[in-house]
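In: Give me a model of this one.
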Amino acid sequence: MDNYAVIGNPIAHSLSPRIHGLFAEQTGEELTYRAILSHPGEFTADVEAFRQAGGRGLNVTLPFKEQAWEYAGHSSARADRARAANLIRFDTNGRVYGDSTDGVGLVRDLGANGVQVARKHILLVGAGGAVRSVLGNLLDEQPAGVTVINRTRSRALALLELFPEAGGILSAQGFDEPAAGPYDLVINGASAGLAGQSLPLPDGILAPGACCYDMVYGKAAQPFLDWAASNRAAKRCDGLGMLVEQAAESFHIWRGVRPETKPVIDALR
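Out: Coordinates of the predicted model:
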């Protein structure tokens, strides 16, 4: 069997082994998929050990996505734009290929939830790696405007510099500045929820029919979704669908087969 894995720290909570196991059952692909715990300073050695043992591909999660992009000898345009990779593929000719599937996972899950990005005004919360990995795909959908809001405005501005092609539709601000709005779609990519913290988002910034989407799922998404409920968001979504959709994109890149995502999302729910 071909061997795959997800590598990160922490990693015990990861749903990826179950997701890819369900994909394999659904498609008849013969593979194994496990979780690998790596530590700071050991990522490259752990990846090489997996590769030398015959590994065919890796998903990469926090905090190693930037290192994965640097490690890959060849990478996709979307990984280069994000300067991060959440997928590594070891090709039979010795090539190491890196890609970023987070953004396409987000856009596909938004579509599955009936949320349109084109011509919409979007507030993107956070300016770290999670936001950087999806911003390019959101811009590809031609929104009316995207505002990146972050605790530190300078970091949001630095993120904008990576996307010069966006022109005037991309802007940045800090939490201490008045939010413009109204926004049709608010996407949380900040890490506050992972620590159980709420975000200092102002009330009254949602347009009628707005959607609020957290890129994480489960308990970590609850503080943001509670804020969305108090502001009467028409739709409130966590990131479980995004996780499954990006995994399906990874599966397709590795195996050439695209699995159905809805049955897997339903099973995980």
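In: okay but Ser230 is in contact with Asp203, surely?
Out: Yes: with contact defined as C-beta atoms under 8 Å, Ser230 reaches Asp203; the gap is 7.4 Å. From N, CA and C alone the C-beta is placed, and that goes for glycine too.
In: Okay, helices next: where are they in the stretch 51-200 of the chain?
Out: 65-71, 77-82, 102-112, 129-140, 153-160 (DSSP state H, counting those that start in this stretch).
In: how far is the first one from where the chain is centred?
Out: With C-alpha atoms, centre = their mean, to the nearest Å as the basis, helix 65-71 stands 15 Å off its chain's centre.
In: Counting by contacts, list what that helix packs against.
Out: Packed against helix 65-71, as judged by 3 or more C-beta pairs under 8 Å, 6 or more residues apart in numbering; DSSP states H and E, are the following elements: helix 43-52, helix 77-82, strand 87-90, strand 96-99, helix 129-140.
In: For the nearest residue to Asp203 once chain neighbours are set aside, give me the pLDDT.
Out: Among residues not flanking Asp203 along the chain, Asn231 sits closest, at 5.8 Å (C-beta to C-beta, 6 or more residues apart in numbering). Per-residue pLDDT puts Asn231 at 96.
In: still on that earlier bit, which of the helices and strands packed on helix 65-71 sits closest to Gln116?
Out: Closest to Gln116 of the helices and strands packed on helix 65-71 is helix 129-140 (C-beta to C-beta; 11.8 Å).
In: Any stretches of the chain with poor pLDDT?
Out: 193-197 (pLDDT under 70).
In: Which single helix of it contains the most residues?
Out: Using DSSP state H, we find that the single longest helix of the chain is helix 240-255.
In: Quick one: distance of that one to the chain centre.
Out: 11 Å.
In: Identify the residues contacting that helix?
Out: Residues external to helix 240-255 that are found in contact with it (C-beta atoms under 8 Å, 6 or more residues apart in numbering): 4, 15-16, 19-20, 23, 27, 29, 31, 56-57, 59, 86-87, 89, 99, 101-102, 104-106, 108-109, 112-113, 215, 217-218, 257-259, 261, 264-265, 268-269.
In: Of the helices of the stretch 51-200 of the chain, which is nearest Gly181?
Out: helix 153-160 (16.4 Å).
In: Now do the buried residues in the closest one.
Out: 153, 156-157, 159-160 (16 or more other C-beta atoms under 10 Å).
In: cool, stretch 246-254 as well?
Out: Per 16+ other C-beta under 10 Å, stretch 246-254 contains these buried residues: 246-251, 253-254.
In: picking up where we left off before, give me the buried entries from the contacts of helix 240-255.
Out: Buried by 16+ other C-beta under 10 Å: 4, 15-16, 19-20, 23, 29, 31, 56-57, 59, 86-87, 89, 99, 101-102, 104-106, 108-109, 112, 215, 217, 259, 261, 264-265, out of the contacts of helix 240-255.
In: With that, I have no additional questions.
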